[in-house]
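Asks: coords please:
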Amino acid sequence: SSQTQGPGERSPCTPGYVAPFDWKGFEAHYEKAFVDADHQQQELLKEFEELVKFFSVWASAASVLDTERGGKRLRTRERYVKIADQSLSQRKKH
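Replies: Down below sits the predicted model:
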């Protein structure tokens with residue numbers, strides 16, 4: 001070759017040659033990936049918060065409906081017991 005190499009110098013053709021690493025590019029790539037992951041995490045947290053709000057409203061509505069149904073069942077059972085008591089009282093009279 002026209003270039004002379006001193007001892008310890010290696011060229012890309014020399015066995016064992018390791019190309020210089022682009023640390024700035026690596027750092028920029030890492031920072032971009034980190035920012036992207038953070039953005040994605042923030043979006044997921046927003047979605048989760050909305051789902052929690054929705055679930056809370058749904059659970060409250062379900063609780064109100066269950067309370068109303070429970071009240072109706074209780075009144076129905078009370079009526080049944082009153083009718084059964086009246087029927088039993090009438091049988092005792094006869």
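
Asks: might you list the low-confidence residue ranges for the protein?
Replies: The chain contains residues with pLDDT under 70 at 1-12, 94.

Asks: centroid residue for it?
Replies: Nearest to the mean C-alpha position of the chain, counting by C-alpha atoms, centre = their mean, stands residue 48 at 5.3 Å.

Asks: please compute how far the helix or strand where that one lies lies from its chain's middle.
Replies: Counting by DSSP states H and E, the element that carries residue 48 is helix 23-93. Distance of helix 23-93 from its chain centroid, counting by C-alpha atoms, centre = their mean, to the nearest Å, is 15 Å.

Asks: by contact count, what packs against that helix?
Replies: Using 3 or more C-beta pairs under 8 Å, 6 or more residues apart in numbering; DSSP states H and E, no helix or strand is in contact with helix 23-93. All C-beta spots, glycine's among them, are computed from the backbone N, C-alpha and C.

Asks: can you classify residue 19 by secondary structure?
Replies: Secondary structure state of residue 19, per DSSP: H, G, I helix; E, B strand; the rest coil, is coil.

Asks: give me the neighbour count for it.
Replies: Using other C-beta atoms under 10 Å, residue 19 has 6 neighbouring residues.

Asks: do the same with the one 10 residues further on
Replies: Residue crowding around residue 29 was assessed by other C-beta under 10 Å; the count is 11.

Asks: next, residue 17: phi, psi?
Replies: The phi/psi pair for residue 17 (degrees, to the nearest 10) reads phi -70, psi 130.

Asks: could you do residue 16 as well?
Replies: phi 90, psi 0.

Asks: and for residue 22?
Replies: Backbone torsions of residue 22, given as degrees, to the nearest 10, read phi -90, psi 80.

Asks: and it, how far from residue 14?
Replies: Distance, residue 22 to residue 14, by C-beta to C-beta, to the nearest Å: 20 Å.

Asks: and what of residue 36?
Replies: Distance of residue 36 to residue 14, given as C-beta to C-beta: 39 Å.
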